[in-house]
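J.: Give me a model of this one.
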Amino acid sequence: MSLMKIIKENYRKIKRPITRAGCCLGIAGLSFLPSCFDQSSAAIQANEQHIQASEQQIDGPILVKEMPVLAPIQDIMVHEGEPIGIMPIASDPDGGTTINYSFTGPFTFTLFDPLQNLYVAQTDFNSAGTYVITVTASNSNGNAAQNVNLTVNDLQRVLYQTETIPGAVEDIKIMFHNNAEKTNLTFTEGFNRDAVLSPDGLKVAFVSDRDGQWDVYVMDSKDILDKQAYWESALNFQFLGDGQGDNLEKLTQDFDADSKPSWTPDNAAVVFQKNVAGNPEIFIHYIGSAGVSTNLSNNPSDDTEPNCSNNLISFVRDGNIFTMNYTGGAQTQLTTDGTVAAPYSKPKISPDETKIVSVKENSPTDRDIRVMDINGSNIVDLSSNAGIDDAPTWKADGTRIAYHSSNQIFTINPDGTQKTQETYTGNNQKPIWGPGNGFTFQSDRINGTWDVFRKTLDDGYVNKLTKETVNNTPNGWR
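T.: Numbering: from 1, shown residues only. Have a look, this model is predicted:
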């Protein structure tokens, strides 16, 4: 039965004498029907004739324009820093109509390869998480949409330093994909040391003597030649590059020796130690700034070993611990028992800025780990034993401290309780807490060379991360 015949039958069912008191009736879509009936039989007959005339005009096949049909798209999983590729396939049942594609979600997709209809978006090193991408195919008749689940896995970036040529060249490398992929960030250009990841993991600050003196540099924590090479290699989870971190920037341009860079919490600047005519000072340099570095400590005493926290910089002046703000103001002395011969060193402020952990040297063969309140009170000696205790590092939540003692790694609460020995095999040192409940460290337990290992405390699992035949030193884990 045609559409008009159906309409006509429904109309006849309601046809009957209706008084002026009758209520309004309507059939959706029938604009030619009166909305309120007060008619004679002649009027009703006239309406029937109107319907018949309309039926003659549209009787026969009714052409219905159809929307595109979008083929199913599988859920996607990538790692941080990798591209997201989607190749949507849609058909037009009517044929000949152009189909356009659009994407809704937190990432911007662009057409990368028209031949394969490949659309690509780029993740960065802060993209870890789960997302929903809505893919829409549309033509002039409508659209079809599908939600695609996207998982971006955290790369667990491990930064380390390696002896490319022992005694001649030291390079910086970064490790991705839980140690499946490694890439050089520097390559055979002198000694490259003191590498440190920015808080967001996107940049690396380091010092190098590649130009004949020790200067501070920053670069991206990745090395990708171009998008085409990256996309082609990403299918096999490979990183292509030229052995140089992207966007290399030299921060210092003078002949003073620079060392020990530390990032500000907003990733905007690097604080470092500069030897000014034999007098070590603490400087700051803002990334991308054409201006010179600024002297923060500005004191005739020796100011060394800066370390940044959210609002403060800790450092050592003539063997004692001080703090100051990021303009160099509010310089506060926290200890008085340090001397040049028996100094404090390696001060690090806790994540909540309530405490400071440091190393106190009692003699050349005796160093202890100490914790104090941020104002220098309530000093707790965590390792009052003979021997060298060194390299304290805070867990990200501030609940534990890792350090090495007599060539083994220990963890302990800031109040000195629950001391736990974490390693037993070989010589182990320089622990660095990661983003979760684990740390990297340096060990010579295999073949006598120093390699980077990682231990996760949830299950006690220890795995060897580096496979070079030369010495390697951990620098950071994000």
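
J.: Any stretches of the stretch 201-350 of the chain with poor pLDDT?
T.: 223-244 (pLDDT under 70).

J.: Break down it into its strands, ranges please.
T.: Secondary structure of the stretch 201-350 of the chain by DSSP state E, counting those that start in this stretch: the strands cover 203-208, 215-220, 249-250, 257-263, 269-276, 279-286, 294-295, 303-308, 313-317, 320-324, 332-333, 344-349.

J.: Put together CSV for the ones you listed, with mean neighbour count on each row.
T.: Quick note: C-beta positions are derived from backbone N, CA and C, even for glycine. Formatted as CSV, those follow (neighbours: other C-beta atoms under 10 Å):
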stretch, mean neighbour count
strand 203-208, 24
strand 215-220, 23
strand 249-250, 14
strand 257-263, 21
strand 269-276, 22
strand 279-286, 22
strand 294-295, 16
strand 303-308, 22
strand 313-317, 24
strand 320-324, 23
strand 332-333, 13
strand 344-349, 22
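
J.: Any chance of a markdown table for those strands, columns distance to Asn143?
T.: Formatted as a markdown table, those follow (distance: least, C-beta to C-beta, whole Å):
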| stretch | distance to Asn143 |
| --- | --- |
| strand 203-208 | 41 |
| strand 215-220 | 39 |
| strand 249-250 | 46 |
| strand 257-263 | 46 |
| strand 269-276 | 48 |
| strand 279-286 | 47 |
| strand 294-295 | 56 |
| strand 303-308 | 51 |
| strand 313-317 | 55 |
| strand 320-324 | 59 |
| strand 332-333 | 63 |
| strand 344-349 | 54 |
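
J.: out of these, which comes closest to Glu82?
T.: Within the strands of the stretch 201-350 of the chain, the stretch nearest Glu82 is strand 215-220; the backing value is 14.8 Å (C-beta to C-beta).

J.: helices and strands around the closest one, which ones?
T.: Here strand 215-220 touches strand 203-208, strand 249-250, strand 257-263, strand 269-276, going by 3 or more C-beta pairs under 8 Å, 6 or more residues apart in numbering; DSSP states H and E.

J.: buried residues in stretch 359-375?
T.: Judged by neighbour count using 16 or more other C-beta atoms under 10 Å, the buried positions of stretch 359-375 are 359-361, 367-372, 374.

J.: Switch those over to a markdown table; also include secondary structure and distance to Trp214.
T.: Output for the buried residues of stretch 359-375, formatted as a markdown table (DSSP: H, G, I helix; E, B strand; the rest coil; distance: C-beta to C-beta, whole Å):
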| residue | secondary structure | distance to Trp214 |
| --- | --- | --- |
| Val359 | strand | 23 |
| Lys360 | strand | 27 |
| Glu361 | strand | 24 |
| Arg367 | strand | 26 |
| Asp368 | strand | 30 |
| Ile369 | strand | 29 |
| Arg370 | strand | 30 |
| Val371 | strand | 32 |
| Met372 | strand | 31 |
| Ile374 | coil | 31 |
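
J.: Now render the helices and strands packed on strand 215-220 as a markdown table, adding distance to Tyr344.
T.: What follows is the helices and strands packed on strand 215-220, written out as a markdown table (distance: least, C-beta to C-beta, whole Å):
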| stretch | distance to Tyr344 |
| --- | --- |
| strand 203-208 | 23 |
| strand 249-250 | 32 |
| strand 257-263 | 15 |
| strand 269-276 | 15 |
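
J.: if we compare the ones you listed, which one ends up closest to Tyr461?
T.: Minimum separation from Tyr461 across these (C-beta to C-beta) falls at strand 203-208, 27.0 Å.

J.: Spell out for me which residue occupies the centre of the protein.
T.: A centroid search over the chain (C-alpha atoms, centre = their mean) returns Asn126, at 2.2 Å, as the residue closest to the centre.

J.: Quick check: that residue touching Asp200?
T.: Yes: between Asn126 and Asp200 there is a contact under C-beta atoms under 8 Å: 5.7 Å.

J.: can you map out the strands along the stretch 351-478 of the chain?
T.: For the stretch 351-478 of the chain, the strands defined by DSSP E, counting those that start in this stretch cover 355-363, 366-373, 380-381, 389-394, 401-405, 408-412, 420-421, 428-433, 438-443, 451-456, 461-464, 472-477.
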